[in-house]
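Trainee: Here is a sequence with its predicted model. Questions after.
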Amino acid sequence: MTWGGIVFLSFPFLSSLSLLLSASHPLSPLSIPPPPPPNPQPLPPQAIFFVVYESLRRSLLPPPTTPTTTPATSPHVWADAAAAIACGAGAGAAMWGAVLPIDAVKTAIQAAPPGSRRAGLAETAGALMRAVGGGVRPLYAGLGPTLCRAAPANAAQWLAWELAVRGLGAGGE
């Protein structure tokens, strides 16, 4: 079959597929209930991560004054890349600085010997802080190695994201 010089091939299974996708068919994707909402656990860390990234980015880069003809010819390519690296590293460090105490308490709960009484977050955090002479220092154990891992990983992630957005021509705010 041709239409306007374009050749369309006829596939008999497409009519079966369209029947399956119709809302009246019992196996239709439209009749399948939606999946449950995602686990809300990672939402606060991700909120910190994205808010810090965007705040740092807006403070480091000037607002665009004129639209560029193509994303690749923008005079700010290197400034955008450097900002993505710095803001990504800063966002990762801020996120882990806020989340590491909760992660340390979670790890202590998971590492409790089998058969021991399971304590909650607050009770475990208190026990950790009392066990090592008081204070919040045990809640931040491992912060140095975590930041040494998170900063370059998040910097690379945001650099890849910004370059992909720029390469796809969607670099506008």
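Mentor: Received it, and whenever you're ready, just let me know what you need.
Trainee: Doesn't Pro62 lie inside a strand?
Mentor: No: under DSSP: H, G, I helix; E, B strand; the rest coil, Pro62 falls outside any strand and is assigned coil.
Trainee: Which elements pack onto the helix or strand containing Ala160?
Mentor: Assigning secondary structure by DSSP states H and E places Ala160 in helix 143-167. Taking 3 or more CB pairs under 8 Å, 6 or more residues apart in numbering; DSSP states H and E as the contact definition, the neighbouring helices and strands of helix 143-167 are helix 77-110. (Each C-beta comes from the backbone N, C-alpha and C, glycine too.)
Trainee: which helices and strands sit right next to the helix it packs on?
Mentor: In this structure, helix 77-110 makes packing contacts with helix 43-60, helix 121-131, helix 143-167, judged by 3+ CB pairs under 8 Å, 6+ apart.
Trainee: which intervals of the protein have sub-threshold pLDDT?
Mentor: 1-42, 63-75, 170-173 (pLDDT under 70).
Trainee: Now Val136: closest residue in space that isn't a chain neighbour?
Mentor: Using CB to CB, 6 or more residues apart in numbering and skipping the chain neighbours, the partner closest in space to Val136 is Met129 (6.4 Å).
Trainee: residues touching that neighbour, list them.
Mentor: For Met129, the contact set (CB atoms under 8 Å, 6 or more residues apart in numbering) comprises Gly135, Val136, Pro138, Leu139.
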